[in-house]
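Colleague: predicted model and sequence follow; I will ask about them next.
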Amino acid sequence: MAVSYKKLFHLLIEKNMTNAQLQQEAGFSANIITRLKRGGYISLESVESICRVLNCGVDDILEFIPEDNGGKENG
C-alpha cells in the first residue's frame, strides 16, 4: 500500500501554517517535508510529532492508498 499525505497539506492550509513552521515546531529536517510531498516513508516518531503540533490524529494527516494489483482481487 502507498501512503498519501494530502490530508496533512490540507490541514496545514486550514491552520494557516507553512511547511517551514511545521518543520520547526515538530523538530525535524527539511528532508521529512520532501518525503511527505513525495508520499515516502517517514518514521512513526515524525508522524507523532506532526500530530502533536497540529493537535490531531494519524487519520487526520495520512491515508493508505491500495496499490493497483493488475486487476486481481484478493479473497
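Modeller: Nice, thanks for sending it over. Treat the numbers as computed from the prediction; the structure is a model and nothing was measured. Residues are numbered from 1 along each chain as shown.
Colleague: I'd like the next helix or strand past the top helix by length along the chain.
Modeller: Using DSSP state H, we find that the single longest helix of the chain is helix 44-54. The helix or strand immediately downstream of helix 44-54 is strand 63-65, counting by DSSP states H and E.
Colleague: any stretches of the chain with poor pLDDT?
Modeller: Residues of the chain meeting the criterion pLDDT under 70: 69-75.
Colleague: how about 90 then?
Modeller: Low-confidence segments of the chain (pLDDT under 90): 1-2, 67-75.
Colleague: and stretch 44-52, C-alpha only, in PDB?
Modeller: Taking Å, rounded to 0.1, in the frame of the first residue of the first chain, the C-alpha atoms of stretch 44-52 are listed here in PDB:
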ATOM      1  CA  LEU A  44       6.400   6.900  13.400                       C
ATOM      2  CA  GLU A  45       8.200   9.400  15.600                       C
ATOM      3  CA  SER A  46       7.800  12.000  12.900                       C
ATOM      4  CA  VAL A  47       4.100  11.200  12.500                       C
ATOM      5  CA  GLU A  48       3.700  11.600  16.200                       C
ATOM      6  CA  SER A  49       5.500  14.900  16.200                       C
ATOM      7  CA  ILE A  50       3.300  16.200  13.400                       C
ATOM      8  CA  CYS A  51       0.100  15.100  15.300                       C
ATOM      9  CA  ARG A  52       1.300  16.700  18.500                       C
END
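Colleague: any buried residues in it, and which?
Modeller: 46-47, 49-51 (16 or more other C-beta atoms under 10 Å). Bear in mind the C-beta positions are built from the backbone N, C-alpha and C, glycine included.
Colleague: now do stretch 20-38
Modeller: Quick answer for stretch 20-38 (16+ other C-beta under 10 Å): 22-23, 26, 28, 32-33, 35-36.
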